[in-house]
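*Asks:* Next input, structure requested:
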Amino acid sequence: MFSNSHKVTVHGGSFIAVGGDYHSNTRVQRRPGIEILVEGIAQGALHNSGERFDPPKCHPNTRTAVLQKIMDWLQKSRDPSSPDFMWIYGPAGSGKSAIAQSFAEFCSKYGLLLGTFFFSRSAAGRNDEKRLVATISYQIALSFPEARPLIEKAIEHDPALLTRDLETQFMALVVEPVSKMPESGTPATNLGPQPRLIIIDGLDECQDPRAQTAIIHTFTHLVTLHKLPFAILFASRAEYHIRETFSDEHIEPNLCRIALDNTLWRADGDIREFLVGRFQKIHDKHQMRLYIPQDWPPLEAIDKLVAKSSGQFIYASTVIKYVEAHGHRPTDRLDTILGLRSVEDGTPFAELDDLYRHVLSTAEDYGLVSRILGYLLLANLPNQYDTPSPRCLEDFFSLQEGDTYLALSSLHSILQIPTHDYDDITIIHASLGDFLFDRSRSGTYYLDSSLAHADLAVCCIRIQAIAEYKYHSWNRRALIGLTEYCYQAHLTTELLESLTSLDLSSVIKNMQSHSLHLDFLPRYFPWLSGQIDWRAQDLLKRHIKIFDQCLLSEIQEDRYSKETMWCYIVFGGGLSVASCSQLINQPLLVSGWLITSSFFPAGPSTEYVDFLRQFFYDNARAGVYTMSDDAHVPIIVLALEQFWPACLRFLQTTSPNSLTHFDYVSQRVLAVLSGAPVSRRLYQCVHSILSDLDGHYSSIPHEFNYLIVERSLFNYLKRCENDRYFSISQASQR
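*Replies:* Numbers count the residues shown, from 1 in each chain. Predicted structure coming up:
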């Protein structure tokens, strides 16, 4: 036994010597295929999974049109000429999963559902494609017992089958078992009323975009090729690669699409129905229902929530979850949502914020994305200039053609991105701005509006300085933007440098050539004055000097009289310069731009008139045109002395239809009189006019506001007579 052994020591034990060869046979017990299959499925992907307890679904009486459209497709899909596949797509939070869940439950109830797979980026096993085919195959085995042994056999033949690529798995676990039913081996091309619908929801939440594309290609190609009696419903966001895949020439003809468009599917109406229903439930069931007013919430609150939802159910759903939470007052929580009450507990928009953060995290260049979002949210230009198209953004930010599409390619779920360069990009979610402008919610994605305004202003300064744009609409657009953005901006180093290089005199001339008003200066100069940086104060002095030079030059060239200028200031811009010159009988050759730019069709810009008043009251700036408070009386006297005789002549000779403008002028004159200082000279002038008015009463057209004029003149006389110092002065004159 121990031959050929050396130095062997044995302590106890029993030994058996066996002659010849020794063979050991261990029998390995093979696992049933169904057991392997069950281990490889994603149980949470089923529509009735406990893992997805209380999944989102459509509120009663909502989404009825969409659900009916899907049912029509499913019924028609039995026809060989009808599409076998449907793609429901829409932005994040538009209710795709709720629709898929509701339709799955309906079809399950009536024996039409074959299988589902609900992807979820945050759930292990449901955020990739590895368990997809196994899960669908498992549900086929449950629906068709005759397919189960075929599926088991395939797995037992290749226990590692569930690790193979999608096409291999689909062929072995779906195509071959279904094609071999019944046992005769002939393909089962018509399952009649048996289950046939497969729902794949949240395809975009599968982590790898390449896997998303592979799923679409594999399922559509093999179902079509082998004429399987399936109808497959896909639901996802309209990500670029998914859109391109569904547009494939081999898939498109066999595809029915449903875009969850707010206009087409009246999502606003459904959201309103949802909100009203859930608020009623709060009234009926909430623990604080006895303390909720019967008329709560007010209709305007629901209107605001509907508008903020932008046709996306996730906003409304998030609001309701927050408001109806037990342990809190629903009325207080709704006030928090509406901004009427500060947030004291919890995060009202946690679910929505997670969605926004996830979408924004997919952007490769968030720096550029944030600039574009700043433009979309803050540009706020008149409609004819607010054109946020890809080409417009590229010109505005000095980008290469195509950069906009690259930057925003992963943001289709929150932005409507056009296929054409000159169509507008729009924000789908109205609540996106609330998220971005609130640092506590957006964190690293916070958008500082003052910095964004600074960026916009810098771009406008650059554009208006480009010579080729001088008479171009872009120049006009940049000038309008400059007037809007500067005074709302944080003075960054880049903005300060841009303003330092800005030729203000050229800006003023450009604005004149585009017939733009200069009312931005009264906001720009105080904004610059409020900056701490000493360079900003030097710049302010330089820009004020440039403006003063431009204004003095215009006054001298257009040969305004001092009285005309003063009259314009005294009347607070309520009358145009031309009207002022006519009123006081002064010559006016040309109506100057820097003055008249304050006069709008809708009325005067009081800010700009006050801005001009500062100039005319500053001797160091206005020089010989300087005016003082003492100038008011002679101007008003001159206006009344010239105005009243002309007024009488006009009223006696013109038709009633032409009284409107004259009536306006008279009201302006009387308005100035009401604030005029007490003056003996002015008192005498008013007294004379009042006497004259009484003498012409019978000849004045009834359309003229006689009583108002008489009362205004009389009130001034009473004010003078009640003034102590005026009375003393009058007495001394006697």
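*Asks:* Who are the contact partners of residue 102?
*Replies:* 57, 58, 63, 67 (CB atoms under 8 Å, 6 or more residues apart in numbering). Heads up, the C-betas are built off the backbone N, CA and C, glycines and all.
*Asks:* Tell me which helix or strand the last one sits in.
*Replies:* For residue 67, the enclosing helix or strand under DSSP states H and E is helix 64-76.
*Asks:* Can you pull out the residues in contact with that helix?
*Replies:* With CB under 8 Å, 6+ apart as the criterion, helix 64-76 contacts 58, 82-83, 86, 88, 99, 102-103, 106-107, 112, 197, 231, 233, 256, 258, 260, 265-266.
*Asks:* quick one: buried residues of it?
*Replies:* For helix 64-76, burial by neighbour count (16 or more other CB atoms under 10 Å) applies to 66, 69, 70, 73, 74.
*Asks:* That helix: what's the following helix or strand?
*Replies:* strand 85-89.
*Asks:* hey, which helix or strand in this protein has the poorest pLDDT?
*Replies:* Using mean pLDDT, DSSP states H and E, strand 599-600 stands out as the lowest-scoring helix or strand of the chain, at a mean of 45.
*Asks:* I'd say residue 628 and residue 617 touch.
*Replies:* Yes: taking contacts as CB atoms under 8 Å, residue 628 lies within contact range of residue 617: 7.2 Å.
*Asks:* Looking at the two, which one has more neighbours?
*Replies:* Neighbour count, other CB atoms under 10 Å: between residue 628 and residue 617, residue 617 has more, with 15 against 10.
*Asks:* Doesn't residue 248 belong to a helix?
*Replies:* No: looking at residue 248 with DSSP: H, G, I helix; E, B strand; the rest coil, it is coil, so not inside a helix.
*Asks:* can you pull the contacts of it?
*Replies:* residue 217.
*Asks:* just the one 10 residues further on next, same as before
*Replies:* By CB under 8 Å, 6+ apart, the contact set of residue 258 is 66, 69, 70, 86, 87, 88, 89.
*Asks:* closest to residue 52 among those?
*Replies:* Among the contacts of residue 258, residue 88 lies closest to residue 52 (CB to CB), at 18.5 Å.
*Asks:* you'd agree the closest one is up against residue 232?
*Replies:* No: using CB under 8 Å, residue 88 is not in contact with residue 232; the gap is 11.6 Å.
*Asks:* The nearest residue to residue 357 once chain neighbours are set aside: neighbour count?
*Replies:* Distances taken as CB to CB, 6 or more residues apart in numbering place residue 445 nearest to residue 357, at 6.5 Å, with adjacent residues excluded. Applying other CB under 10 Å, we find 20 residues neighbouring residue 445.
*Asks:* Repeat that for residue 449.
*Replies:* By the measure other CB under 10 Å, the count of residues near residue 449 is 16.
*Asks:* wait, isn't it in contact with residue 378?
*Replies:* Yes: judged on CB under 8 Å, residue 449 makes contact with residue 378 at a distance of 6.2 Å.
*Asks:* related to what we said a few turns ago, now the helix holding residue 67 and strand 85-89, what's the angle there?
*Replies:* If you take axes from the mean of the first three to the mean of the last three CA atoms, to 10 degrees, helix 64-76 sits at 160 degrees to strand 85-89.
*Asks:* re earlier: let's have the buried residues of helix 64-76 in CSV, adding distance to residue 278 and pLDDT.
*Replies:* CSV is the format used below for the buried residues of helix 64-76 (distance: CB to CB, whole Å; pLDDT from 0 to 100):
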residue, distance to residue 278, pLDDT
66, 20, 94
69, 25, 95
70, 24, 96
73, 30, 96
74, 29, 95
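*Asks:* Closest one to residue 562 out of those residues, please.
*Replies:* If you rank those by distance to residue 562 using CB to CB, residue 66 comes first, at 72.5 Å.
*Asks:* Please report the distance of the closest one from residue 474.
*Replies:* 42 Å (CB to CB, to the nearest Å).
*Asks:* One more: residue 726?
*Replies:* Counting by CB to CB, the gap from residue 726 to residue 474 is 60 Å.
*Asks:* More neighbours: the two, which one.
*Replies:* Taking neighbours as other CB under 10 Å, residue 726 and residue 474 compare with residue 474 leading, 19 against 16.
*Asks:* Enumerate every residue touching that one.
*Replies:* Counted by CB under 8 Å, 6+ apart, residue 474 has contacts 395, 463.
*Asks:* Equivalent analysis for residue 415, please.
*Replies:* So residue 415 contacts 376, 408, 425, 426, 427, 428 (CB under 8 Å, 6+ apart).
*Asks:* same question, residue 319
*Replies:* 275, 305, 334, 337, 348.
*Asks:* rerun at 6 Å
*Replies:* Shown in contact with residue 319 (CB atoms under 6 Å, 6 or more residues apart in numbering): 305, 337.
*Asks:* Distance from the helix or strand harbouring it to the middle of the chain?
*Replies:* Using DSSP H and E, residue 319 maps to helix 313-323. In this view, helix 313-323 has its centroid 18 Å away from the chain centroid, taken as CA atoms, centre = their mean, to the nearest Å.
*Asks:* how about that helix: buried residues?
*Replies:* Neighbour-count burial for helix 313-323 [16+ other CB under 10 Å]: 313, 314, 315, 316, 317, 318, 319, 320, 322, 323.
*Asks:* separation between the nearest residue to the fifth one once chain neighbours are set aside and residue 330?
*Replies:* What sits nearest to residue 317 in space, not counting adjacent residues and going by CB to CB, 6+ apart, is residue 56, at 7.1 Å. Computed with CB to CB, the distance linking residue 56 and residue 330 is 21 Å.
*Asks:* Pick out whichever of the two has more residues nearby.
*Replies:* Higher neighbour count among residue 56 and residue 330: residue 330, with 24 against 17, using other CB under 10 Å.
*Asks:* what's the distance between the more buried one and residue 112?
*Replies:* 39 Å.
*Asks:* Next: residue 370.
*Replies:* 47 Å.
*Asks:* where along the stretch 551-700 of the chain do the helices fall?
*Replies:* 562-570, 577-583, 593-596, 606-616, 619-622, 632-653, 659-674, 680-695 (DSSP state H, counting those that start in this stretch).
*Asks:* Give me whichever of those helices is most buried.
*Replies:* helix 562-570 (a mean of 23; mean count of other CB atoms under 10 Å).
*Asks:* Check the offset of that helix from the chain's centre.
*Replies:* 46 Å.
*Asks:* What of stretch 410-425?
*Replies:* On CA atoms, centre = their mean, the centre of stretch 410-425 falls 13 Å from that of its chain.
*Asks:* for residue 124, helix, strand, or coil?
*Replies:* Residue 124, by the three-state scheme (three-state DSSP), is coil.
*Asks:* any idea which helix or strand carries residue 711?
*Replies:* Here residue 711 is assigned to helix 706-722, by DSSP H and E.
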